[in-house]
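*Asks:* Sharing a sequence plus its predicted fold:
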Protein chains: 2
Amino acid sequence: LARGKFVRARELLHAMDPADVAHLLESSPPKARLALWQLVDPDQEGDILDELSEDVQRGILKLMDADKVAAATEGMETDDLAYVLRGLPDEVYRKVLKAMDTQDRSRLEQVLSYADDSAGAIMNTDTVTLRPDVTVDVVMRYLRRRGELPKGTDSLYVVNKADKLVGEVPLSVLVTAAPTDKVREVMDAEPEPVHYTMAETDVAQLFARYDWYSAPVVDDEGHLLGRITVDDVVDIIREDASHSMMSMAGLDDEEDTFAPVLKSTGRRTLWLGVNLLTALAAAAVSNLFEDTLAQLATLAVLMTIVPSMGGIAGSQTLTLVIRGMALGHIGTQNARFLFTKEMAIGLLNGLIWAGLIALIVGIWKEDMTLAAIIAFAMGINLIAAAAAGVVVPLVMKKFSIDPALAGGVVLTTVTDVVGLFAFLGSATLLLTQHSL
Amino acid sequence: LARGKFVRARELLHAMDPADVAHLLESSPPKARLALWQLVDPDQEGDILDELSEDVQRGILKLMDADKVAAATEGMETDDLAYVLRGLPDEVYRKVLKAMDTQDRSRLEQVLSYADDSAGAIMNTDTVTLRPDVTVDVVMRYLRRRGELPKGTDSLYVVNKADKLVGEVPLSVLVTAAPTDKVREVMDAEPEPVHYTMAETDVAQLFARYDWYSAPVVDDEGHLLGRITVDDVVDIIREDASHSMMSMAGLDDEEDTFAPVLKSTGRRTLWLGVNLLTALAAAAVSNLFEDTLAQLATLAVLMTIVPSMGGIAGSQTLTLVIRGMALGHIGTQNARFLFTKEMAIGLLNGLIWAGLIALIVGIWKEDMTLAAIIAFAMGINLIAAAAAGVVVPLVMKKFSIDPALAGGVVLTTVTDVVGLFAFLGSATLLLTQHSL
């Protein structure tokens, strides 16, 4: 960049919203990203870091020394700060902690002590609390004296003397309440707190289901620890959704679109390696029938059709089941129904596509036996695909394996092996009899 | 159900939150679903309908007559009501409109006139507005007289005499402002309204990026039309995410996990039909090399490996690009960089897997020429896969085709055809020379 453009670019960046700068960084190749980072407003660095995805954020943090990180993260919300700090190397991390004041540090250490991906790790500790016995008028005077409320405050929490949560006063209720009313009279006395150990994915499900904007977080005894706000939940929902889709292609869901070539190649290698094994397993099955293939090359031409159709049909069922499990719709009570339903679809699909492929092969290859063989294999494989599509993810879930990650490869192995066995096996029986 | 259980089940259902009843209905097979629906609290019917996914909701609405629908939907928010009404057959729909009072009807007709999936269609019209010149004290007295605020109100909107939006007062600011302050002094004078024609997906991106809880909706002249709240945005984000994943498997993203067999089979048929065509295209390519396959059955055994690896590598790239486009990270400026990067990964992958497959085939089949042939085909196909993985979705987007829906099938066709041509073609050249 020429000198003038450089200054102009910096001015532009400083005038932008941190969220927009983060988006620009995410959309930039690595070199441009680092060049841009040099130009951002130091005061905005913390907010920008918070908006970045893990991969991109870590790439940038690696280049900053402890003092800079400490300066950049000053004044961030506790949960956001914890998110950033989890990405630091140990030594930098300890230096950053040291640079903070005592109160901030102890609050932060508290949040960092909660399990990653739990409600505790995504909560803010900056709650505004009230006592049940004061009047709305007193509350209003307190708030005016207090000044600006923490970002995303839509409810005030009511706690007793032991700091236990006893109620919740949404701001929308507070502003319509009579000044003489007691907090106890206007509060929602049945708040629905989240336990600090709840998995963030489950927290997100609750927010989505009950249309929450925020939720209080409590410990075993019901003491108020903090609050979770919907903006963090939106991020979790986006990540969870991206996770399923990326996992199904064997990708790391935090993978940066513009990650360096070597890093990306390394991450994808495992998946390609697993797939090579399944492809070799299929080849080993065909190898059993090498004599049959040698007798009749037409079989080789046609033998990929049945496994391919099985793979597609099976992955439709698999995707449906994975989504159903993610939404919490599938449990032990309805698994049997789902299995029966998908088997019926598999049977119906089997009949339709067996008929069609028999017709096509009969006309193309003018061999009725061959047509019957491929139709038989197609029918068997589509039923097997439906069964595997339901059973594989349910079994994986039982053993705590992520079906989005490993389901596809197991399913394809099943449909490849069953499809090839059914097709080449029956061809060996029927066509070598023919050729006797 | 026995009589006693029946009564008990009804009591249980009536005591549940509408969102939980909706979740139970979604998780139930169709027959159980209809039985449960007979038991729900008539007063909750509207809220439950609103929480259901389209497919399930429509299944239930079909069974209700116009009077029942009108009764169930009384008192619903305008956007939710519009969502339900869009699912009704025309005659029922007109009857429901007739049964409403004039003011509700005209407000509803307004919302229904906005394009489905636009900001206008998901907004609520129940905004609370202020004038800039009144004091905070007057506002508070007005709110107390007014009573309960509309659900999800976190900001009040400031409009001038022409009803144009000039500012926004978050409740969190209102409660800390001095009573003598004018609204003009405490308001955010640069509100960021959404235009009513903006696509709901874009609205969701804005909410996620800027951590909004609600946003005002305006027309061309800046008149305030309504507001969008984050709870509706959460639903849109979940739907969009599910859309990509389901589309990639050729499923309708509104597909109910427990949909009837015939309906599900019908929906999946198109996708299986398209896949049959691509499988036949691959078979047609092999068919060109039938003579070669007849000479050497080992080729038939090995020929599925290269297309399979190409398919996996290509779909990794495709998935990454589709996600990047969904997040708005990929545009014309960085498409070239992305292409170069993915080509480099493809080249590197090509080298790795060509080497490995050459080793495996060399040892297994003890034929160095064959090992060289499959290595060559693997290299070519992994590079082709990377190119197709970037180019296919970008071209499709240009022609407004959904790459999540159609990308996979085009990609697989490319990797099948290129893989088979490279493998069988070079085998024909090299091995038939050998056998001369």
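*Replies:* Thanks, I have it. Residues are numbered from 1 along each chain as shown, chains lettered A, B, ... in the order given.
*Asks:* Okay, domains of chain A per the record?
*Replies:* Following automatic domain parsing, one gets these domains for chain A: A:3-122, A:129-248, A:261-434.
*Asks:* Can you name the residue of the stretch 151-300 of chain A nearest to chain B?
*Replies:* residue A:241 (2.8 Å; Cβ to the nearest Cβ). Where C-beta positions appear, they are placed from N, C-alpha and C, glycine not excepted.
*Asks:* Could you count how many residues lie near that residue?
*Replies:* For residue A:241, the tally of surrounding residues (other Cβ atoms under 10 Å in any protein chain shown) stands at 24.
*Asks:* Which strand or helix spans it?
*Replies:* In this assignment (DSSP states H and E), residue A:241 forms part of helix A:230-248.
*Asks:* before we move on, what about residue A:156?
*Replies:* Counting by DSSP H and E, residue A:156 is part of strand A:155-159.
*Asks:* quick check: mean pLDDT across the helix or strand following that strand?
*Replies:* Using DSSP H and E, the helix or strand that follows strand A:155-159 in sequence is strand A:165-170. Regarding strand A:165-170, the rounded mean pLDDT is 96.
*Asks:* which helices and strands sit right next to strand A:165-170?
*Replies:* Packing partners of strand A:165-170 (3 or more Cβ pairs under 8 Å, 6 or more residues apart in numbering or on different chains; DSSP states H and E): strand A:155-159, helix A:183-186, strand A:214-218.
*Asks:* Just checking: what are the partner strands of the first one?
*Replies:* Looking at strand A:155-159 with DSSP bridges, its paired strands and their directions are strand A:129-130 (parallel), strand A:165-170 (antiparallel).
*Asks:* With mean neighbour count as added columns, please give those strands in TSV.
*Replies:* Listed next are the strands paired with strand A:155-159 as TSV, based on neighbours: other Cβ atoms under 10 Å in any protein chain shown:
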stretch	mean neighbour count
strand A:129-130	18
strand A:165-170	21
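*Asks:* As a markdown table, those strands with distance to residue B:47 would be great.
*Replies:* Below are the strands paired with strand A:155-159 laid out as a markdown table (distance: least, Cβ to Cβ, whole Å):
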| stretch | distance to residue B:47 |
| --- | --- |
| strand A:129-130 | 30 |
| strand A:165-170 | 19 |
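*Asks:* Just name the most buried of the domains of chain A.
*Replies:* domain A:261-434 (a mean of 21; mean count of other Cβ atoms under 10 Å in any protein chain shown).
*Asks:* pLDDT of that one, averaged?
*Replies:* Averaged over domain A:261-434, pLDDT sits at 90.
*Asks:* how distant is that domain from the center of its chain?
*Replies:* Relative to its chain's centre, domain A:261-434 lies at 27 Å (Cα atoms, centre = their mean, to the nearest Å).
*Asks:* on that earlier part again, who are the contact partners of the residue nearest to the residue of the stretch 151-300 of chain A closest to chain B when sequence neighbours are not counted?
*Replies:* Spatial nearest neighbour of residue A:241, chain neighbours left out: residue B:241 (2.8 Å); criterion: Cβ to Cβ, 6 or more residues apart in numbering or on different chains. Listed by Cβ atoms under 8 Å, 6 or more residues apart in numbering or on different chains, the contact partners of residue B:241 are A:237-238, A:240-242, A:244-245.
*Asks:* same check, this time on residue A:116
*Replies:* residue A:86.
*Asks:* Regarding it, what is its secondary structure?
*Replies:* Under DSSP: H, G, I helix; E, B strand; the rest coil, residue A:116 falls in the coil class.
*Asks:* per-residue confidence at it?
*Replies:* 82.
*Asks:* Quick one: closest of the domains of chain A to residue B:178.
*Replies:* Nearest to residue B:178, of all these, is domain A:129-248, at 6.3 Å by Cβ to Cβ.
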